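*Asks:* mind looking at a prediction? Sequence and model below.
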Amino acid sequence: MAEEILTKIYKYCVYQDRCKSEVVKKLKQLGIEDQRVEPIIEHLEAERYLDEQRYATSFARGKFTYKHWGRIKIQHELQSKGIPDDIISEALAEEVDDEVYEVKIRKLLQQKIKQIKDLPDAETRVKLSRYMVQKGYEYDFVNAGIDRLFESVSESSN
């Protein structure tokens with residue numbers, strides 16, 4: 001039974017990076033008693049099947065690149081999974097470059113403004129701002145991006 005459980009957990013961890021809370025949840029689903037969970041977690045960490053730094057980095061990279069999440073949303077999601085703040089900070093610093101971040105904001109704003117039709121500028125700004133903040137981007141970065149977007153739109157219409 002123990003070998004079978006370890007084999008399942010190895011496969012679970014190899015399939016994609018996992019955090020400690022996900023593995024604990026999986027172990028409980030498999031019927032492992034609480035007192036046996038921590039030794040299994042320690043074993044997985046020692047064998048490098050479980051690495052919270054690697055998980056946080058992979059998570060940040062994937063959510064930023066493919067889901068287009070901002071730093072705030074990534075940070076909150078990692079915190080909800082029990083990842084320590086110092087690991088989250090390192091992962092975000094490693095995977096979310098400021099220049100790339102600003103370019104991403106610009107592209108998302110340009111895509112979104114095409115979907116918003118025939119609204120006054122003030123309402124358009126509010127919709128853009130809400131959209132970006134909901135995706136987890138910082139308000140200051142969003143406002144700066146919206147200002148640049150409206151400057152470029154007004155320059156191109158002149």
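*Replies:* Right, received. Where do you want to start? Computed from a predicted structure; not experimentally measured.
*Asks:* give me the phi and psi for Tyr139.
*Replies:* phi -60, psi -40 (degrees, to the nearest 10).
*Asks:* skipping adjacent residues, who's closest to it in space?
*Replies:* Spatial nearest neighbour of Tyr139, excluding adjacent residues (Cβ to Cβ, 6 or more residues apart in numbering): Val133 at 6.2 Å. Where you see a C-beta, it was placed from the backbone N, CA and C, and this is true even at glycine.
*Asks:* what helix or strand does that neighbour sit in?
*Replies:* Assigned by DSSP states H and E, Val133 belongs to helix 121-134.
*Asks:* show me what counts as buried in that helix.
*Replies:* Of the residues in helix 121-134, those buried by neighbour count under the rule 16 or more other Cβ atoms under 10 Å are 124-125, 128-129, 131-133.
*Asks:* I'd like those as TSV, with distance to Val103 and pLDDT appended.
*Replies:* TSV is the format used below for the buried residues of helix 121-134 (distance: Cβ to Cβ, whole Å; pLDDT from 0 to 100):
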residue	distance to Val103	pLDDT
Thr124	21	92
Arg125	20	93
Leu128	16	95
Ser129	18	96
Tyr131	17	96
Met132	14	97
Val133	18	96
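*Asks:* kindly indicate which of those residues lies nearest Leu78.
*Replies:* Nearest to Leu78 among those is Val133, at 18.4 Å by Cβ to Cβ.
*Asks:* angle of the least confident helix or strand in the chain by mean pLDDT against helix 121-134?
*Replies:* Lowest on mean pLDDT, DSSP states H and E among the helices and strands of the chain sits helix 139-157, with a mean of 84. Following axes from the mean of the first three to the mean of the last three Cα atoms, to 10 degrees, one obtains 140 degrees for the angle between helix 139-157 and helix 121-134.
*Asks:* which strand or helix spans Val24?
*Replies:* Val24 belongs to helix 20-29 when assigned by DSSP H and E.
*Asks:* by contact count, what packs against the helix or strand harbouring Tyr10?
*Replies:* Element membership for Tyr10 (DSSP H and E) is helix 2-15. If contacts are counted by 3 or more Cβ pairs under 8 Å, 6 or more residues apart in numbering; DSSP states H and E, helix 2-15 sits against helix 20-29, helix 34-46.
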